[in-house]
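Trainee: sequence isn't available, so here's the structure alone:
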């Protein structure tokens, strides 16, 4: 018959060395893929605003400051200049706040 172990002899109940907790990495705010896409977009945006220095909304001749994405900004559409529209800040707000008017005038397109 085997001899019983006492708690003092058991390695199972002995104190273990406490390990230093690993430093936690913060979650990235942007993925590498998004950062790369934004770099491309920044170049495209700058070139487009230089080519179209004035607002493209009919009847507005203010200096363009923003790029309106007529078909959205998802995926490859972010830097697709086929769907860009150079607009001033006030016209951009008008387009965003009045989607029906924007679609009727061709300033916004369906995403499907």
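Mentor: Perfect, I can see it now. Keep in mind the model is a prediction, meaning the values are calculated, not measured. Numbering: from 1, shown residues only.

Trainee: only C-alpha atoms for contact and neighbour calcs from this point on.
Mentor: OK.

Trainee: quick one: the strands in this protein, in order.
Mentor: In the chain, strands defined by DSSP state E lie at 66-69, 84-87, listed in chain order.

Trainee: partner strands of the last one and their direction?
Mentor: Next to strand 84-87 in the sheet, as set by DSSP bridges, lie strand 66-69 (antiparallel).

Trainee: what pLDDT, on average, does the partner strand get?
Mentor: Per-residue pLDDT values over strand 66-69 give a mean of 96.

Trainee: same thing with stretch 95-106?
Mentor: For stretch 95-106, the mean confidence score works out to 94.

Trainee: other residues contacting that stretch?
Mentor: 107-109 (CA atoms under 8 Å, 6 or more residues apart in numbering).

Trainee: return the distance of the spatially most central residue of the chain relative to residue 41.
Mentor: Geometric centre of the chain, nearest residue: residue 34, 6.3 Å, by CA atoms, centre = their mean. Taking CA to CA, to the nearest Å as the measure, residue 34 falls 10 Å from residue 41.

Trainee: okay, now the unreliable bits of the chain?
Mentor: Applying pLDDT under 70 to the predicted model, the residue ranges of the chain that meet it are 1-16, 111-112.

Trainee: can you list the neighbours in contact with the longest helix anywhere in it?
Mentor: Taking DSSP state H as the criterion, the chain has its longest helix at helix 32-51. The contact list for helix 32-51 (CA under 8 Å, 6+ apart) reads 64-67, 78-79, 81, 84, 86.

Trainee: pull out the buried residues from the contacts of stretch 95-106.
Mentor: 107-109 (16 or more other CA atoms under 10 Å).

Trainee: could you list which of those belong to helices?
Mentor: Judged by DSSP H, the buried ones among the contacts of stretch 95-106 include no members of helices.

Trainee: ends of stretch 47-63, what's the gap?
Mentor: For stretch 47-63, the separation between the terminal residues is 15 Å (CA to CA).

Trainee: list the buried residues of it.
Mentor: For stretch 47-63, a neighbour-count test (16+ other CA under 10 Å) marks 48-49, 53-57, 62-63 as buried.

Trainee: swap in stretch 98-106?
Mentor: residue 102.

Trainee: okay then, goodbye and thanks.
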